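Asker: after the sequence you'll find the predicted model.
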Amino acid sequence: METFVLFRGNKRITLKMDDMRVDRIARIFQVSMDSLYITDAANIAIFPVESGLFSSLDLFDHGHYEIHGDVWDTVGAPTAPAPAPAPSRQFAFRSSQPVTNENMSMLSRSVRTPRSFQRSIQVSEGTGWWSHIT
């Protein structure tokens with residue numbers, strides 16, 4: 001018997017394949033049936049077929065799927081979608097001093113590339129011996 005974990009925010013539920021219907025999922029997670037879709041762990045969108053069911057060919061047994069769709073308010077009407085973010089403006093530092101060779105040499109000395117390193121150590125236990133890999 002295939003089961004699927006569906007979640008939205010902190011609400012999480014496990015459903016059988018027979019229950020992977022848009023009407024039931026929309027009611028459980030209080031989203032609009034017309035806008036409902038799910039995404040898998042790879043963030044790939046999965047839409048229901050025209051009958052309102054999700055196809056078992058698109059789902060993995062015990063897979064985790066996030067619910068997406070317009071949220072319904074307490075009266076039963078969908079809430080307005082969040083406003084689109086304002087377009088970003090390009091930011092540039094502006095200097096009150098004109099660029100000279102002296103300023104450039106001072107700037108190049110003060111800018112340093114951050115240095116970092118990474119070391120991986122794996123320690124494993126075998127039959128009476130220790131292995132150390134760097």
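Answerer: Yes, it's here.
Asker: surely Q30 touches I67?
Answerer: No. Here Q30 lies out of contact with I67, judged by Cβ atoms under 8 Å, at a distance of 9.8 Å. Every residue, glycine included, has its C-beta placed from N, CA and C.
Asker: which one's more surrounded, these two?
Answerer: Using other Cβ atoms under 10 Å as the criterion, Q30 and I67 rank with I67 on top: 20 against 17.
Asker: next one: phi and psi at that one?
Answerer: phi -90, psi 130 (degrees, to the nearest 10).
Asker: what's stretch 13-23 in contact with?
Answerer: Residues from elsewhere that reach stretch 13-23, judged by Cβ atoms under 8 Å, 6 or more residues apart in numbering: 1-7, 24-25, 28, 33, 36, 48, 52-54, 56, 59.
Asker: of those residues, grab the buried ones for ChimeraX.
Answerer: Here is the ChimeraX command that selects the buried residues among these (16 or more other Cβ atoms under 10 Å):
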select :4,6,25,33,36,48,54,59
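Asker: the contacts of stretch 13-23 in helices, which ones?
Answerer: The members of those that map onto helices under DSSP state H are 24-25, 28.
Asker: can I get these in JSON lines with pLDDT and distance to A42?
Answerer: Below are those laid out as JSON lines (pLDDT from 0 to 100; distance: Cβ to Cβ, whole Å):
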{"residue": "R24", "pLDDT": "93", "distance to A42": "25"}
{"residue": "I25", "pLDDT": "94", "distance to A42": "20"}
{"residue": "I28", "pLDDT": "91", "distance to A42": "23"}
